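Participant: have a look at this prediction, sequence included:
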Amino acid sequence: MKRAYILTGIVAFLLLPIAVNAQTVSEIFRQGHEMMEAGKVSDASAQLFNKGYNVQRTSGGVVLGKSNTSDVRLASANSSSQQLDTVRMELKINTDFTSLTSELQRLGYQLVENRGGASVYQNGAIKVAVFNPYDYKDYKFGFFFARDKNAVVDEVITVRGVSFKMVGVHGGTFMMGSNDSDADDNEKPVHQVTLSTFSIGETEVTQELWQAVMGDNPSWFKGPKRPVEEVSWDDCQTFIDSLNSLTGRNFRLPTEAEWEYAARGGKRSNGYKYAGSNNIEEVAWYQENCYEKGRSSPDYGTHNVATKRANELGLYDMSGNVFERCQDWYDDYSSSAQTNPKGPSSGFIRVYHGGSWGDYAGSCRVSYRRAFSPSRFGCLGLRLAE
């Protein structure tokens, strides 16, 4: 998912205090766009003014600044109280609008309107207006970026010919764990958790994606559309690091809280026992329809992803098929309310969720949790988050 702070960060790249030509402006925009998609902008405003920009005025969440060479000036509004992040920047640099707008389109920005001398482009939740600042003190052109902080965007990413989809999940508050009669002790106490917006994989990581990134396939049950399995927690981290290097993104494993919130359906949750239904047969490959069929059956083992019904968020196989690793070390639950919990800072065993083709129905419940050493183990795969 693209982060809300992408706007300020793009400007951090664009506002280099040097004279540049049209091609360099386009290249800087592309680099900034890619970096901000990776979410590396936690201190974007500080970075901006550490690169040779003088703060002229700060008022009501709006920061005004100018480069030391006076080639660039900007107005940045990034207040948490506002629904929009916005950045307006103007440059004393001549540029070829044809090459610049071609670069915008190549990055996925589509022209949506021409209004008042400005061309407005959109890429998901971000809108960018390219405008003429009326030649005020030789400023030749400018950009105005705006993004809804609460927007979520689904996105398809392609790596070496293999595509996968990330689904945007609106943040919210839910009750984590279970007091149901079939709940295990480690699912208690039920406690309130609040999460920020994030994105999560539509499916488990497939063998074809793993193969494209890593060049091998450790899975026991082979098939390009089947989930990868037999991977350790460290294997998953190596895969994610390699994927991030290839894409310029900031993928990771979901936290345990993010995983359960998404499995429950987020803000669209209907309160199902399993991910998407109270009828496990509708949504899961598990012991009774896989393992108990016997080794001679084609149903024995893992199955292609997304062959059962999705849950309320459009996520597949969050119940059954393979267990999915989470980022967290294991710990007992606390009764206190938490915001964006990440688990303990250290431990001996890692959490995983979701049930598998070889496990009983109870392990496929959305609140069910289990932990194991970070080493390789059958029926264990992963799902990406960002």
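Facilitator: Done, it's in. Here the structure is a predicted model, which is why all the values come from computation and not from measurement.

Participant: hey, let's count contacts and neighbours off CA atoms from now on
Facilitator: OK.

Participant: phi first, then psi, for the residue nearest to V228 when sequence neighbours are not counted.
Facilitator: Of all residues not flanking V228 in the chain, Q207 sits nearest, at 4.6 Å (CA to CA, 6 or more residues apart in numbering). With angles defined as degrees, to the nearest 10, Q207 sits at phi -70, psi -30.

Participant: how much space between Q207 and A275?
Facilitator: For Q207, the distance to A275 equals 22 Å [CA to CA, to the nearest Å].

Participant: next one: S232
Facilitator: According to CA to CA, S232 and A275 sit 24 Å apart.

Participant: so for the two, which sits in the more crowded spot?
Facilitator: More crowded of S232 and A275, by other CA atoms under 10 Å: A275, with 35 against 19.

Participant: what's the distance between T238 and T173?
Facilitator: 32 Å.

Participant: actually G347, sorry about that
Facilitator: Applying CA to CA, the value for G347 to T173 is 27 Å.

Participant: more neighbours: which of the two?
Facilitator: Neighbours per residue, other CA under 10 Å: of G347 and T173, the larger number sits with T173, 16 against 12.

Participant: got phi/psi on the residue nearest to that one when sequence neighbours are not counted?
Facilitator: Setting aside the residues directly before and after it, T173 is nearest to T194 in space (CA to CA, 6+ apart), at 4.2 Å. The phi/psi pair for T194 (degrees, to the nearest 10) reads phi -110, psi 130.

Participant: do V193 as well
Facilitator: Note on V193: backbone dihedrals following degrees, to the nearest 10 are phi -130, psi 130.

Participant: cool, G314 as well?
Facilitator: phi 80, psi 20.

Participant: now it: closest residue in space that isn't a chain neighbour?
Facilitator: Closest residue in space to G314, ignoring its immediate chain neighbours: E202 at 6.8 Å, by CA to CA, 6+ apart.

Participant: one more: N311?
Facilitator: Leaving aside its sequence neighbours, N311 sits nearest to G276 (CA to CA, 6+ apart; 3.6 Å).

Participant: surely that neighbour and K308 touch.
Facilitator: No - the criterion here is CA atoms under 8 Å, and G276 misses it with K308 at 9.9 Å.

Participant: who's more crowded, those two?
Facilitator: Ranked by neighbour count (other CA under 10 Å), G276 and K308 place G276 first, with 30 against 20.

Participant: contacting residues around that one?
Facilitator: By CA atoms under 8 Å, 6 or more residues apart in numbering, the contact list for G276 reads A263, R264, G265, V283, R309, A310, N311, E312.

Participant: swap in 7 Å and give it another go.
Facilitator: Residues near G276 by CA atoms under 7 Å, 6 or more residues apart in numbering: V283, A310, N311, E312.

Participant: what residues are up against the last one?
Facilitator: Contacts were defined as CA under 7 Å, 6+ apart; by that measure E312 touches G265, R268, S269, G276.

Participant: hmm, 8 Å instead?
Facilitator: Contacts of E312 by CA under 8 Å, 6+ apart are R264, G265, G266, R268, S269, N270, G276.

Participant: who wins for neighbours among those?
Facilitator: Most neighbours among the contacts of E312, by other CA under 10 Å: G276, with 30 neighbours.

Participant: per-residue confidence for the nearest residue to W329 once chain neighbours are set aside?
Facilitator: Spatial nearest neighbour of W329, excluding adjacent residues (CA to CA, 6+ apart): R350 at 4.5 Å. Note on R350: pLDDT of 95.

Participant: now swap in D138 and tell me
Facilitator: pLDDT, D138: 71.

Participant: and N321, by the same measure?
Facilitator: N321 is given a pLDDT of 97.

Participant: same check on G347?
Facilitator: Taking G347 on its own, its pLDDT is 93.

Participant: who's in contact with it?
Facilitator: By CA under 8 Å, 6+ apart, the contact list for G347 reads W329, Y330.

Participant: specify the local secondary structure of it.
Facilitator: Judged by DSSP: H, G, I helix; E, B strand; the rest coil, the three-state class of G347 is coil.
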